[in-house]
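[1] Show me the folded form of this:
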Amino acid sequence: LHGLAYDVSFPEAAVPTVAALKRLAKSTKIGALQQRTRRLAAQCDAQSAWVVGQRERVDFSPRDAAKAAAFLADEREAGAGPFSRWFKGEVAAVEAREAEQRAIADARGPVQAD
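    Have a look, this model is predicted:
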């Protein structure tokens, strides 16, 4: 999804994925999976709304392939969309947890083989 997040067709392309995520969140009994799938679906919805808002501001039609390909190119490079900002936060959280786990492992010292 992140590869299409700045594409002019993202709102339509994301519909099946968002529907599947919501179905999974509803059907699973695993709480952590429910939370993550709901958050991801909500972020996809936010990105879709943002792209729709950006589409309303342009003056070209989908038939203009060059302008459609350049749609939101600057925002893509800057990571300005809601999905990119959320994804960067998720990556930072994972890296922080990994650093914490490494610090704990280093504090324990090397594992002794018997």
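[2] Okay, now the unreliable bits of the protein?
    111, 113-114 (pLDDT under 70).
[3] Tell me where it has helices.
    Assigned by DSSP state H, the helices in the chain fall at 10-27, 31-56, 65-69, 73-78, 82-108.
[4] Make TSV out of these and add mean neighbour count.
    C-beta: built from backbone N, CA, C; applies to glycine. Shown next, in TSV, are the helices of the chain (neighbours: other C-beta atoms under 10 Å):
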stretch	mean neighbour count
helix 10-27	15
helix 31-56	16
helix 65-69	11
helix 73-78	12
helix 82-108	12
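[5] Out of the ones you listed, which gets nearest to H2?
    helix 82-108 (6.1 Å; C-beta to C-beta).
[6] rewinding a little: output the helices of the chain as CSV; include the columns distance to L1.
    What follows is the helices of the chain, written out as CSV (distance: least, C-beta to C-beta, whole Å):
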stretch, distance to L1
helix 10-27, 6
helix 31-56, 6
helix 65-69, 19
helix 73-78, 14
helix 82-108, 7
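[7] Which among the ones you listed is found nearest to L4?
    The stretch from the helices of the chain with the least distance to L4 (C-beta to C-beta) is helix 10-27; that distance is 5.2 Å.
[8] Report how many residues lie close to L72.
    Look at L72: counted by other C-beta atoms under 10 Å, it has 20 neighbours.
[9] Against A41, how distant is it?
    21 Å (C-beta to C-beta, to the nearest Å).
[10] Check the offset of stretch 80-92 from the chain's centre.
    Distance of stretch 80-92 from the chain centroid (C-alpha atoms, centre = their mean, to the nearest Å) equals 6 Å.
[11] For it, C-alpha coordinates in PDB please.
    C-alpha atoms of stretch 80-92 as PDB (Å, rounded to 0.1, in the frame of the first residue of the first chain):
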ATOM      1  CA  ALA A  80       4.100  14.500   3.600                       C
ATOM      2  CA  GLY A  81       1.100  12.300   3.600                       C
ATOM      3  CA  PRO A  82      -0.700  10.900   6.600                       C
ATOM      4  CA  PHE A  83       0.300   7.300   5.800                       C
ATOM      5  CA  SER A  84       4.000   8.200   5.500                       C
ATOM      6  CA  ARG A  85       4.000  10.100   8.800                       C
ATOM      7  CA  TRP A  86       2.300   7.200  10.500                       C
ATOM      8  CA  PHE A  87       4.600   4.600   9.000                       C
ATOM      9  CA  LYS A  88       7.700   6.600  10.100                       C
ATOM     10  CA  GLY A  89       6.300   6.600  13.600                       C
ATOM     11  CA  GLU A  90       5.700   2.800  13.500                       C
ATOM     12  CA  VAL A  91       9.300   2.200  12.300                       C
ATOM     13  CA  ALA A  92      10.700   4.400  15.000                       C
END
